[in-house]
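> sharing a model prediction with you, sequence too.
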Amino acid sequence: MSVHKINSLEDLQQEKERLKLRSKIAKSEMTNSMDLMSKHLKNFLLFKVAIPAGVIGLASMGIKKMAESSAHQQEPTGNQEDTEENTSSIPWKKLFFRYLPSLLTFIQTVVIAKDQQSENEASSGQNKSSKQNNIPHKTSA
């Protein structure tokens, strides 16, 4: 940053305008940076924490239910309605857990594509704003 000598009121007003413009640009860049950081934090929490935790929770719940149902099927009971209820719901559980990884992969692909599209739009918007906000420099002689 160069030091400018201010010799007149006109020089003072020009320097004031230049500093106002620089502060607007700095504010704009800080806002863009915070937005980008927020987006990266959301992606991290979603893909590195929430989805894996959900998958682990669903998988453990499914394994527990399947173990309970297989143990329940092996025990002979006199209640016919209870065993019919459990056996009729088992195929749905198996199908759900069979297609769960594919469903999660699809959701993850959609979310990533949406984020990449919004990042591309944001970066093209940043390029336009930085070209529009050229700072005039006064050179001292």
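Nice, thanks for sending it over.
> quick one: low-confidence ranges for the chain?
Applying pLDDT under 70 to the chain flags the ranges 1-2, 74-90, 125-141.
> what ranges do the helices span in it?
For the chain, the helices defined by DSSP state H occupy 9-44, 51-74, 80-132.
> next, format the ones you listed as CSV and append mean neighbour count and distance to residue 3.
From N, CA and C alone the C-beta is placed, and that goes for glycine too. Formatted as CSV, the helices of the chain follow (neighbours: other Cβ atoms under 10 Å; distance: least, Cβ to Cβ, whole Å):
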stretch, mean neighbour count, distance to residue 3
helix 9-44, 12, 11
helix 51-74, 12, 54
helix 80-132, 11, 25
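> quick check: the gap between residue 93 and residue 65.
6 Å (Cβ to Cβ, to the nearest Å).
> with residue 122 instead?
For residue 122, the distance to residue 65 - Cβ to Cβ - is 44 Å.
> how much space between the spatially most central residue of the chain and residue 121?
The chain has residue 43 as the residue nearest its centroid, 2.9 Å off, counting by Cα atoms, centre = their mean. According to Cβ to Cβ, residue 43 stands 16 Å off from residue 121.
> the residue lying closest to residue 115 once chain neighbours are set aside and residue 24, how far apart?
Distances taken as Cβ to Cβ, 6 or more residues apart in numbering put residue 43 closest to residue 115, at 6.2 Å, once the chain neighbours are dropped. Taking Cβ to Cβ as the measure, residue 43 and residue 24 are separated by 29 Å.
> try residue 12
Distance, residue 12 to residue 24, by Cβ to Cβ: 19 Å.
> one more: residue 51?
Following Cβ to Cβ, the distance that separates residue 51 from residue 24 is 39 Å.
> now swap in residue 106 and tell me
In this view, residue 106 and residue 24 are 43 Å apart by Cβ to Cβ.
> if anything else comes up later, I'll come back, but that's it for now.
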